[in-house]
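Participant: Let me see the structure of the following:
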Amino acid sequence: MVDKERSQEWTEYEETIEKFIQVIAKNMSLYGITSSVGRLYGTLYFADQPMTLDNMRDALEMSKTSMSTGVRSLSEMKMVEPAFRKGVRKDLYKSEEDWYKSFTSLFGNRWRHHTETNIEEADEAISELRAIMNDTDDEELQGMIQRDIDRLEYAKEYYRWLMKFIRVVESGEIFKYVPKGD
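Facilitator: Got it, this is the predicted structure:
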């Protein structure tokens, strides 16, 4: 009877962890990370020891190629790092356990890229609008173009502020204002 109870307890334990891994995967989608990569991170996070791509494939029932691609993505975001265990020749990986560090890296990378792209797009739109304004004699159109150029300049001002915020997050200075923990 004890073995059956233990088995039920282990099943409940595994189901509870799996539910939380699904929560991690869902939350990571907010940052543009696929749920499969989120599940991979969650699996590595709860693993007792570093895992090989084969271990990951078996745990998630996905292809080794998918695991390799997922690990590479997570590595680029500094959420997974290589590990070493004596006697193991295959590459091993473990999760970054400092979620604050992971968040600041992930947030910074994602937001920096999008913000820089938005600044470039605003510059391009301003340039195109100025060319149209210089080619037209239509005063109403010139007025609308100037209004929209002013809006785009305001957007660029916001994006420059956002870049400062991103630097505060990436540098860890954010924790002066919003401390870790309680």
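Participant: For the rest of this, base every contact and every neighbour count on C-alpha atoms.
Facilitator: Will do.
Participant: got a list of what residue 45 touches?
Facilitator: By C-alpha atoms under 8 Å, 6 or more residues apart in numbering, residue 45 lies in contact with 94-97.
Participant: in which helix or strand would I find it?
Facilitator: Using DSSP states H and E, residue 45 sits within helix 35-46.
Participant: which of the residues in that helix are buried?
Facilitator: By neighbour count on 16 or more other C-alpha atoms under 10 Å, the buried set for helix 35-46 is 35-45.
Participant: So which of the contacts of residue 45 are in strands?
Facilitator: The strands in this structure, assigned by DSSP state E, contain 94-95 from the contacts of residue 45.
Participant: circling back: run the chain-centre distance for the helix holding residue 45.
Facilitator: Averaged C-alpha coordinates place helix 35-46 at 13 Å from its chain's average position (C-alpha atoms, centre = their mean, to the nearest Å).
Participant: and what of stretch 128-137?
Facilitator: Averaged over its C-alpha atoms, stretch 128-137 has a centre that lies 40 Å from its chain's centre (C-alpha atoms, centre = their mean).
Participant: buried stuff in that stretch?
Facilitator: Of the residues in stretch 128-137, those with enough neighbours to count as buried (16+ other C-alpha under 10 Å) are 129, 133.
Participant: Residues contacting it, please?
Facilitator: With contacts defined as C-alpha under 8 Å, 6+ apart, stretch 128-137 is touched by 141-142, 145, 149.
Participant: picking that back up, what angle do helix 35-46 and the helix or strand following the helix holding residue 45 make with each other?
Facilitator: The helix or strand immediately downstream of helix 35-46 is helix 53-60, counting by DSSP H and E. Direction vectors for helix 53-60 and helix 35-46, defined by axes from the mean of the first three to the mean of the last three C-alpha atoms, to 10 degrees, enclose an angle of 110 degrees.
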